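Q: with the sequence up front, the predicted model follows.
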Amino acid sequence: MYTDLTGKVAIVTGASKGIGAEIAERFGREGVNVVVNYNSDKDGADRVVANIIAAGSKAVAVQGDMSREESAQLLLDAAITHFGQLDIMVNNAGMEVPAPSHEMTLDNWQRIIDVNLTGYFLGARAALKYFVDNGIKGNIINLSSVHEQIPWPTFAHYAASKGGIKLLNQTLALEYAPLGIRVNAIGPGAINTPINKEKMNDPEKKAALEKIIPMGYAGEPDVVSNAAAWLASEQSSYVTGITLFVDGGMTLYPAFMNGNG
Ligand code: BGC
């Protein structure tokens, strides 16, 4: 438990399932009131809201496609209307739709960049404007990926979006550090969430995946929400601009494991 989180208000985008849902619920257990954003999965968002309320905090589900300019402001308005303030903005909503790069349609490329990268800029911009205008030492957490560092064939748009998040994250951290606003990223590796369901249910794909994780297994979503709670709390008060990889060692060049090279 991070007692300084009690009474804080957070927005978590893409919080109807997977890592976003896990972070929203963890925040709820820490006493944080949460705006639970979803795009299409209203039932999922309603479940997350119910779990947060059952844990003793407040929550509201708000629909919004984060690639649209008005969505971030809608979420901010909801935070203020329902809970009176905003302290923590978690940019998490993301997508991956693989395609060989020479066959990738512009629509596919654009959609991933719009949601995964532009959506993060729009979310951060709305939160920063509010923090600056109100003199709040707010906190922004960007869910990046090991693929801000590791190239990923057939996921060129996804890897480019995460590489973009890396420098967006660092730039905003530098720009707002003098105001005490912290901006950090989390870089999950393979996590057992709906986005990886197909791989995890196919023994061959699962084994291939585990081979490139030095610790040998995909993480459960709480390994990521643990990092998010720490980054949101005062325990990390002197940390800004980092990407905290939560990846079982995936970024450590596993191909070199046995002294190869
Ligand atoms: C992706 C997962 C993938 C992991 C490791 C994440 O960013 O969302 O699908 O398993 O990276 O490659």
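A: Yep, that arrived.
Q: got the CA coordinates for stretch 167-184 in PDB?
A: C-alpha atoms of stretch 167-184 as PDB (Å, rounded to 0.1, in the frame of the first residue of the first chain):
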ATOM      1  CA  LEU A 167      11.100  10.300 -26.700                       C
ATOM      2  CA  LEU A 168       7.700  11.900 -26.100                       C
ATOM      3  CA  ASN A 169       8.000  10.600 -22.500                       C
ATOM      4  CA  GLN A 170      11.600  11.900 -22.100                       C
ATOM      5  CA  THR A 171      10.800  15.300 -23.700                       C
ATOM      6  CA  LEU A 172       7.700  15.900 -21.500                       C
ATOM      7  CA  ALA A 173       9.700  14.800 -18.400                       C
ATOM      8  CA  LEU A 174      12.400  17.400 -19.200                       C
ATOM      9  CA  GLU A 175      10.000  20.100 -20.100                       C
ATOM     10  CA  TYR A 176       7.900  19.900 -17.000                       C
ATOM     11  CA  ALA A 177      10.400  18.800 -14.300                       C
ATOM     12  CA  PRO A 178      10.900  22.400 -13.100                       C
ATOM     13  CA  LEU A 179       7.200  22.400 -12.200                       C
ATOM     14  CA  GLY A 180       7.500  19.100 -10.200                       C
ATOM     15  CA  ILE A 181       5.400  17.300 -12.800                       C
ATOM     16  CA  ARG A 182       6.800  13.800 -13.300                       C
ATOM     17  CA  VAL A 183       6.500  11.800 -16.500                       C
ATOM     18  CA  ASN A 184       7.600   8.200 -16.700                       C
END
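Q: show me what counts as buried in it.
A: 168-170, 172-173, 176, 181-184 (16 or more other C-beta atoms under 10 Å). C-betas here are computed from N, CA, C, even on glycine.
Q: pick out the residue of the stretch 1-150 of the chain closest to the ligand.
A: Nearest to the ligand, among the residues of the stretch 1-150 of the chain, is Ser145, at 3.2 Å (C-beta to the nearest ligand atom).
Q: who are the contact partners of the closest residue to Ser233 other than its chain neighbours?
A: Nearest residue to Ser233, sequence neighbours excluded (C-beta to C-beta, 6 or more residues apart in numbering): Tyr2, at 3.6 Å. Tyr2 sits next to 30, 229-230, 232-235 when contact means C-beta atoms under 8 Å, 6 or more residues apart in numbering.
Q: in terms of secondary structure, what does the longest helix along the chain contact?
A: Ranked by number of residues, the top helix in the chain under DSSP state H is helix 156-176. Counting contacts by 3 or more C-beta pairs under 8 Å, 6 or more residues apart in numbering; DSSP states H and E, helix 156-176 is packed against helix 106-113, helix 119-134, strand 139-143, strand 182-188.
Q: any chance of those in CSV, plus distance to the ligand?
A: Putting the helices and strands packed on helix 156-176 into CSV (distance: least, C-beta to the nearest ligand atom, whole Å) gives the following:
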stretch, distance to the ligand
helix 106-113, 11
helix 119-134, 14
strand 139-143, 9
strand 182-188, 6
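Q: please render these as JSON lines that adds mean pLDDT to the earlier fields.
A: Shown next, in JSON lines, are the helices and strands packed on helix 156-176 (pLDDT from 0 to 100):
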{"stretch": "helix 106-113", "mean pLDDT": "98"}
{"stretch": "helix 119-134", "mean pLDDT": "98"}
{"stretch": "strand 139-143", "mean pLDDT": "99"}
{"stretch": "strand 182-188", "mean pLDDT": "99"}
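Q: perfect, I'm done here.
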